[in-house]
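# I'd like to go over a predicted model; first the sequence, then the structure.
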Amino acid sequence: MKILLFSDTHGDLDAYKEMIGNEEKQDHIFCLGDSGFNLDFLNKEKIVSVKGNYPFSPKLPYDISEKINDFWFFFTHGHLYHVKFGLSKIMNKACLLKMDVCCFGHTHKMLLTKKNELILLNPGALSYTRSHLFPSYARIFIEGNKMILEIVNLKTKKVVEKLIEVK
């Protein structure tokens, strides 16, 4: 199974198309908010999205919890958990829900780390104009009880962060 994960596109359709063009077939696409795309586009592209703080976000849930194979994922934008000021609130929420992976955006800064038993994943900003370093997104491969998480530089197509988890 292959999952693409992006955030903070802010209407940059070219960046989204470039990400899709970089990748072979995927099973799921998740947006962590602030896509700037309307609901019709999200539905047409089969993108599951959470609401961000961008003013034009369509009516979407703020948080999604989903089990994919053996792993529980928590998807949110992060602004309601004040992730720009620390990760304790979002980590507490994800741990309370017994999640394996906590995925968020909002900071426009990529992050892939494991703290205690929780994996924290922020794919960074897909839009070049919104990225602090370079535009990036994440891809996740799951086979049974093994998961490979990667953050990819949109322009070079190179993996810049990688984490392997086995349950």
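Good, I have the coordinates.

# from here on, contacts and neighbour counts on C-alpha atoms
Fine.

# which SSE is residue 74 in?
strand 71-76 (DSSP states H and E).

# direction included, what does that strand pair against?
In the sheet, strand 71-76 lines up against strand 63-68 (antiparallel), strand 101-103 (parallel) (DSSP bridges).

# and those strands: which comes nearest residue 157?
Proximity to residue 157 (CA to CA) singles out strand 101-103 among those, at 20.9 Å.

# which stretch of helix or strand covers residue 121?
Going by DSSP H and E, residue 121 is part of strand 118-122.

# contacts for that strand, please.
Strand 118-122 is touched from outside by 91, 94-95, 99-105, 109-114, with contacts defined as CA atoms under 8 Å, 6 or more residues apart in numbering.

# recalculate using a threshold of 7 Å.
Strand 118-122 is contacted from outside by 100-105, 109-114, using CA atoms under 7 Å, 6 or more residues apart in numbering.

# can I get stretch 72-92 as PDB, trimmed to CA atoms?
The C-alpha trace of stretch 72-92 is given here as PDB (Å, rounded to 0.1, in the frame of the first residue of the first chain):
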ATOM      1  CA  TRP A  72      -3.500   3.900  13.400                       C
ATOM      2  CA  PHE A  73      -3.100   7.400  11.900                       C
ATOM      3  CA  PHE A  74      -4.200  10.800  13.300                       C
ATOM      4  CA  PHE A  75      -4.500  13.500  10.600                       C
ATOM      5  CA  THR A  76      -4.900  17.100  11.500                       C
ATOM      6  CA  HIS A  77      -3.700  20.500  10.300                       C
ATOM      7  CA  GLY A  78      -2.200  21.300  13.700                       C
ATOM      8  CA  HIS A  79      -3.300  24.900  14.300                       C
ATOM      9  CA  LEU A  80      -5.800  23.900  16.900                       C
ATOM     10  CA  TYR A  81      -3.000  22.200  18.800                       C
ATOM     11  CA  HIS A  82      -0.700  25.200  18.500                       C
ATOM     12  CA  VAL A  83       2.100  23.200  16.900                       C
ATOM     13  CA  LYS A  84       4.100  26.300  16.100                       C
ATOM     14  CA  PHE A  85       4.700  26.700  19.800                       C
ATOM     15  CA  GLY A  86       5.500  23.000  20.700                       C
ATOM     16  CA  LEU A  87       4.200  19.500  20.100                       C
ATOM     17  CA  SER A  88       3.000  18.500  23.600                       C
ATOM     18  CA  LYS A  89      -0.700  19.200  22.900                       C
ATOM     19  CA  ILE A  90      -0.900  17.300  19.600                       C
ATOM     20  CA  MET A  91       1.200  14.400  21.100                       C
ATOM     21  CA  ASN A  92      -1.200  14.300  24.100                       C
END
